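Q: Pasting a predicted model and its sequence here:
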Amino acid sequence: MESIYLPTSYRSSKNLETAGYFEKYSKMCPLTWGGSSSDNFCRILEEMALNDFSEVDLSALGASCSINKLQLPSEPDNFPIEVPARLSTKSKLDFYYPVTTEATQLNVIKCKEALEKKWIRSEFKFGSKRSLKLTITDNMSNHFRNDILPGTNFIYSILIYRPFSMSMGQKHSGEKLRFAMEIEALGTNLLSQIIDAIECVSNYGVLKEVENTKVNLKQFQNAKQEYPSQTVFIDGVFYNDTRSPDAEDYSEPVIKWAREKNIGKFTVSAMETTLLNTLTPRIGYPYVYIHQGNCEHILTFSDARLIQPNDCLVSEKYPRIVSVCRSTNVLCLICGIAPSQWLVKKCDRFPQEKVFLCTDCCNSYLYIDGKKVGDFELYPFFDEKVT
């Protein structure tokens with residue numbers, strides 16, 4: 001597919017053999033990884049030719065390099081940290097502050113914390129933020145034990161986008177591609193574990209047409225168990241989920257079509273037996289995840305880095321969702337108050353092709369004595385924020 005969707009159009013990297021790359025890198029930089037902090041400190045001193053220094057000299061050197069030297073004599077002690085009411089410039093730095101206790105006394109850190117608190121409150125309320133970092137307490141729980149040594153594994157950052165639809169042959173018919181979540185995974189994780197971590201509203205319920213709102217919605221729930229078929233297309237390989245005997249092979253008709261069109265030779269593999277460190281993806285290149293028949297997600301490998309001491313060192317916590325898109329409930333089109341529970345399509349009483357309604361508004365506007373008013377299609381709607 002790279003002959004059709006050129007990698008240069010996405011500014012993606014070359015195919016990376018990440019396992020061998022990071023193994024070679026960790027051997028080149030053994031000083032950074034492993035051992036106790038005191039052993040590392042001694043190696044650093046030896047590397048810098050400072051092992052002949054006395055403790056007095058090292059203390060004097062540490063005092064000379066202290067962050068307290070960053071404060072000017074003329075700097076006021078009572079530097080204001082109040083946030084101006086009309087301040088609109090936003091920092092692109094991360095919410096987290098990987099600083100020492102001494103650094104938290106700096107006025108710049110205090111100001112940034114105050115600014116971020118103000119922006120977080122406003123963005124939660126008005127929804128102006130693209131994604132929200134999840135608060136994750138790494139290495140702090142007594143229920144888990146650190147079993148990963150820094151430098152012995154690597155982390156993939158994988159971006160998942162919301163499903164989209166488009167009509168071929170119609171200009172501007174495709175929906176805008178929207179970020180959904182970011183997943184961090186180890187190189188030793190299975191591809192099926194990544195797929196299981198993806199949250200999609202299509203897995204909550206089956207979208208089937210019904211006659212009225214009095215149907216039992218429980219029969220439409222658990223779509224993921226009812227239809228377990230899914231596949232991921234990465235670098236010419238369809239990684240199918242074959243864990244369930246009821247799963248269908250989504251790749252078969254696509255491979256047949258590609259063979260007839262002379263597009264390329266695609267292969268098939270099982271996602272539940274494929275480790276991430278055996279893949280050679282392009283960083284930044286779009287790949288496809290398909291489930292629930294025609295629910296398609298774009299996913300990209302956005303970053304790959306060697307695991308560090310300040311990362312989560314508990315393998316049981318991977319893969320994990322580290323950020324999600326800020327989204328709101330889909331409210332009823334008529335009342336604008338209640339969450340939507342029904343999807344109405346092709347209704348001659350609405351100017352839109354599809355609308356979302358709550359149960360009360362749907363019954364009062366589209367039904368009289370339990371009979372339909374006009375022609376329309378009615379489907380149960382499962383909102384991911386309500387389900």
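A: On my side now, so go ahead.

Q: going forward, measure contacts and count neighbours with C-alpha atoms only.
A: Fine.

Q: What score does the residue minimising distance to the centre of the chain have for pLDDT?
A: The chain has Glu182 as the residue nearest its centroid, 1.4 Å off, counting by Cα atoms, centre = their mean. pLDDT, Glu182: 91.

Q: again with Glu211
A: Taking Glu211 on its own, its pLDDT is 88.

Q: and Lys214, how far is that from Ser202?
A: As for Lys214, its distance to Ser202 is 22 Å (criterion: Cα to Cα, to the nearest Å).

Q: Looking at those two, which one has more neighbours?
A: Each of Lys214 and Ser202 has its neighbours counted (other Cα atoms under 10 Å); Ser202 has more, 22 against 10.

Q: who touches the more buried one in this structure?
A: With contact set as Cα atoms under 8 Å, 6 or more residues apart in numbering, Ser202 has these partners: 223, 292, 295.

Q: Give me the pLDDT value at the closest residue in space to the second one that isn't next to it in sequence.
A: What that stands for is Gln292. Residue nearest to Gln292 in three dimensions, not counting chain neighbours: Tyr227, with 6.3 Å by Cα to Cα, 6 or more residues apart in numbering. Note for Tyr227: predicted pLDDT of 84.

Q: Surely Tyr227 and Pro245 touch.
A: No - applying Cα atoms under 8 Å as the test, Tyr227 and Pro245 come out as separate, 11.0 Å apart.

Q: More neighbours: the two, which one.
A: Neighbour totals were compared for Tyr227 and Pro245, and Tyr227 leads with 17 against 9 (other Cα under 10 Å).

Q: Quick one: mean pLDDT over stretch 354-369.
A: The average pLDDT for stretch 354-369 rounds to 92.

Q: buried sites along it?
A: 355-359, 361-363, 366 (16 or more other Cα atoms under 10 Å).

Q: thinking again about what came up before, for the residue nearest to Gln292, give me its contacts.
A: Taking Cα under 8 Å, 6+ apart, one finds 246-247, 292 in contact with Tyr227.

Q: which of those residues tops the neighbour count?
A: Highest count within the contacts of Tyr227 by other Cα under 10 Å belongs to Gln292, 17 neighbours.

Q: Just the pLDDT for that residue.
A: 85.

Q: again with Lys265
A: What the model reports as pLDDT for Lys265 is 84.

Q: repeat for the one 3 residues further on
A: On the pLDDT scale, Val268 is placed at 93.

Q: Phi and psi next, for it.
A: Reported as degrees, to the nearest 10, the phi and psi values for Val268 are phi -130, psi 140.

Q: Next, count neighbours for it.
A: Val268: 16 neighbours (other Cα under 10 Å).

Q: ok now stretch 293-311, how far from the chain's centre?
A: 7 Å (Cα atoms, centre = their mean, to the nearest Å).

Q: Ala247 against Thr231, yeah?
A: No - using Cα under 8 Å, Ala247 is not in contact with Thr231, being 10.2 Å away.

Q: For these two, list the residues in contact with both.
A: Common neighbours of Ala247 and Thr231 (Cα under 8 Å, 6+ apart) are Asp241.

Q: Could you give the backbone dihedrals for Glu260?
A: Dihedral angles for Glu260 - degrees, to the nearest 10 - are phi -70, psi -40.

Q: how close does it get to Val254?
A: Using Cα to Cα, we find Glu260 at a distance of 10 Å from Val254.

Q: between the two, who's got more neighbours?
A: Ranked by neighbour count (other Cα under 10 Å), Glu260 and Val254 place Val254 first, with 13 against 10.

Q: Let me know the helix or strand that that one is in.
A: Taking DSSP states H and E as the definition, Val254 sits inside helix 251-261.

Q: what residues does that helix touch?
A: Helix 251-261 has contacts (Cα under 8 Å, 6+ apart) with 231, 238, 240, 264-266, 268.
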